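Student: Okay, here's the prediction I keep looking at, along with the sequence it came from:
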Amino acid sequence: MPRPVIAIPASTAPEPWYSPSFTLPVSYLRAVEAAGAVPLLIQPTADLEILESLYSRCDGLLLAGGEDIHPSNYGAAPHPKLELTNTQRDAAELWLARRALAEGMPIFGICRGIQLLNVAMGGTLYQDLAAERPGPIDHAAGDACRDFRLLSHPIELAADSWTAELLGTASLAVNSLHHQAIRDVAPGLRAVGYAPDGLIEAVEGAGSGFIAAVQSHPELIWQDADPRWAQVFAGFVAQLR
Ligand code: MN
């Protein structure tokens with residue numbers, strides 16, 4: 001049986017060298033490859049025929065980390081602490097996510113990906129946690145010390161969630177590299193994981209069709225800091241077969 005293909009929309013390089021470039025951290029590709037699938041980078045084009053053509057070759061959708069999602073996508077005005085956005089990527093990913101949702105293509109989201117999924121399904125975001133939802137946990141702790149594998153805060157998962165089942169535990173520590181997060185969870189999503197400050201750290205689909213997403217970065221830790229996440233990537237790939 002051929003290995004399933006997972007679409008991963010790319011980002012835009014923040015510092016163009018020769019010309020603007022599309023980019024994606026290698027860690028996403030290696031995690032998907034190790035789990036038995038073939039990653040297919042999707043360039044964020046506005047040409048829907050091209051997106052359609054690429055989408056039609058894929059069995060699953062992985063929404064990766066990256067820029068802030070522009071708040072116009074969920075009906076909010078930009079907050080002064082909004083960081084770099086990429087409206088071209090927003091549009092392409094929202095198209096892909098809604099297409100996958102409509103057709104029941106399995107979706108897994110990471111960091112920006114959990115936020116994109118929430119926005120695609122009608123939810124909203126905190127644009128800057130430190131300004132809009134200050135609390136005892138620094139959710140950008142890994143960014144601050146440039147240690148992306150630092151397991152900086154615990155989360156608690158619903159014991160009956162798919163994510164807890166794959167990890168083999170409902171309580172664990174995760175890395176945290178985000179300044180945005182889910183504010184109002186979308187209808188159709190179920191919050192299944194929380195940080196101790198009450199922030200949503202994991203969601204899953206409330207209906208049929210496979211949907212799961214996390215606010216942390218398992219693609220950075222499955223090889224060493226917490227190998228249990230390899231089981232989650234493998235579990236996602238198993239949904240594709
Ligand atoms: Mn966090």
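Tutor: The structure has been received and is ready for your questions.
Student: which residues in the chain form helices?
Tutor: Assigned by DSSP state H, the helices in the chain fall at 26-34, 48-55, 87-103, 112-120, 129-132, 141-145, 162-167, 228-239.
Student: Residue of this structure nearest the ion, please.
Tutor: Of all residues in the chain, Ser176 sits closest to the ion, at 3.4 Å by CB to the ion. No exception for glycine: its C-beta is placed from N, CA and C like everyone else's.
Student: got the contact list for the closest residue to Phe233 other than its chain neighbours?
Tutor: Ranked by CB to CB, 6 or more residues apart in numbering and with sequence neighbours excluded, the top spatial neighbour of Phe233 is Ala35, at 3.8 Å. Neighbour list for Ala35: 230, 233-234, 236-237 [criterion: CB atoms under 8 Å, 6 or more residues apart in numbering].
Student: From those, list the buried ones, please.
Tutor: 230, 233-234, 236-237 (16 or more other CB atoms under 10 Å).
Student: want to try CSV for those, with pLDDT as columns?
Tutor: Conversion of those to CSV gives the following (pLDDT from 0 to 100):
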residue, pLDDT
Ala230, 98
Phe233, 98
Ala234, 98
Phe236, 98
Val237, 98
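Student: Can you pull the residues of the protein lying near the ion?
Tutor: 139, 176 (CB under 5 Å from the ion).
Student: For the chain, which residues score under the pLDDT cut-off?
Tutor: For the chain, the stretches flagged by pLDDT under 70 are 16-17.
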